[in-house]
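Asks: pasted the sequence and its predicted model underneath.
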Amino acid sequence: MHVGVLKVTLRLPENQSLKGKRRTISSLSSRVRDRYNVAVAEVGDNDAWQIATLGIACVSNSARHADEVMARVVGYVEASREDVEVVDSAIETLSGF
């Protein structure tokens, strides 16, 4: 079993409140979950209204597949919304459970 893990930090420059941030992150998370069949959670910067850190995970029988899914998720997040900017992303694959 292989687990692909992605930590992505987003900047929401047009956002003006925590309520707006939650709406944007919720929408993005739902679309990523539905499109790539991954788990998504906000894992940091909960009280900052223009920064969000998401943790995304994928379980696969192939390390290569897990890496590909995580790379596609990053590309999708970068391209899907004009009001969200990817500041940083890190992908790791854990193997041998």
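Replies: Now that the structure is in, tell me what you want to look at. Numbers count the residues shown, from 1 in each chain.
Asks: where does stretch 7-21 sit relative to the chain's centre, distance-wise?
Replies: Centroid separation for stretch 7-21 versus its chain: 13 Å, with C-alpha atoms, centre = their mean, to the nearest Å.
Asks: distance between the ends of it?
Replies: 18 Å (C-alpha to C-alpha, to the nearest Å).
Asks: could I get the buried residue list for stretch 83-94?
Replies: Of the residues in stretch 83-94, Val84, Ser89, Ile91, Thr93 count as buried by neighbour count, 16 or more other C-beta atoms under 10 Å. The way it works is simple: take the backbone N, C-alpha and C, and place the C-beta from them, glycine included.
Asks: would you agree the second one falls within a strand?
Replies: So that's Ser89. Yes: with DSSP: H, G, I helix; E, B strand; the rest coil as the criterion, Ser89 is part of a strand.
Asks: my guess is it contacts Lys7. True?
Replies: Yes: under the criterion of C-beta atoms under 8 Å, Ser89 makes contact with Lys7 at 7.0 Å.
Asks: avg pLDDT for stretch 65-74?
Replies: Averaging pLDDT along stretch 65-74 yields 94.
Asks: mind listing what's buried along the helix or strand hosting Thr53?
Replies: Assigned by DSSP states H and E, Thr53 belongs to strand 51-60. For strand 51-60, the neighbour count (16+ other C-beta under 10 Å) marks Ile51, Ala52, Thr53, Leu54, Ile56, Ala57, Cys58, Ser60 as buried.
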